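**Student:** no sequence for this one, just the structure:
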């Protein structure tokens, strides 16, 4: 027969009751956070911020003077033109890939802002933007948007392994003294 070590003797029970006889039960004052409301508020604020940035950087009226020899290539003024060649040869490996299939121009602008922000936050230097070919809307507009952003140092049509004519590789400017 096993003895139960968790039971109290009658003396111990009396001692326990005497020690806590003058106490009152506490009322629980729970604070219930409404996470869904806060998440929706933050999501709306983030969407509004993306929209403002997209409108600030990306204009549909601006048409840059990009060489139109079939291959999209751009290097920001003041940067080494060798960057485009490095992108073409595949010397840069994209650390982040953005797929814009199925998006319209406005949605694509927001996603481009998010991509550039994330690359800067994560200290990624190269990203791949897959715009597809489709009806040529995004294929024509994405390079026009990218040359307007000051943090895009260079872009070039992606090598075949990253999407070929349906994608772009971009080099994003990183701060010289990153704060960790």
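**Tutor:** That came in fine, so what should we check first? Values in this document were obtained by computation on a predicted structure and should not be read as measured data.

**Student:** make it CA atoms for all contacts and neighbour counts henceforth
**Tutor:** Fine.

**Student:** over to the residue nearest the centre of the chain: give its phi and psi.
**Tutor:** Centroid check for the chain by C-alpha atoms, centre = their mean gives residue 118 as the closest residue, at 4.1 Å. Phi and psi for residue 118, reported as degrees, to the nearest 10, are phi -70, psi -40.

**Student:** what's the separation between it and residue 95?
**Tutor:** 11 Å (C-alpha to C-alpha, to the nearest Å).

**Student:** repeat that for residue 50.
**Tutor:** Taking C-alpha to C-alpha, one finds residue 50 at 22 Å from residue 95.

**Student:** can you check residue 70 too?
**Tutor:** 26 Å.

**Student:** with neighbour numbers in mind, choose between the two.
**Tutor:** residue 95 (13 against 8; other C-alpha atoms under 10 Å).

**Student:** helix or strand right after the least confident helix or strand in the chain by mean pLDDT?
**Tutor:** One helix or strand of the chain scores below all others by mean pLDDT, DSSP states H and E: helix 35-57, with a mean of 80. Next in sequence after helix 35-57, counting helices and strands by DSSP states H and E, comes strand 73-75.

**Student:** for that following strand, what is the average pLDDT?
**Tutor:** What strand 73-75 shows for mean pLDDT is 87.

**Student:** which residues are in contact with that strand?
**Tutor:** By C-alpha atoms under 8 Å, 6 or more residues apart in numbering, the surrounding residues in contact with strand 73-75 are 66-67, 81, 83-84, 147, 153-157.
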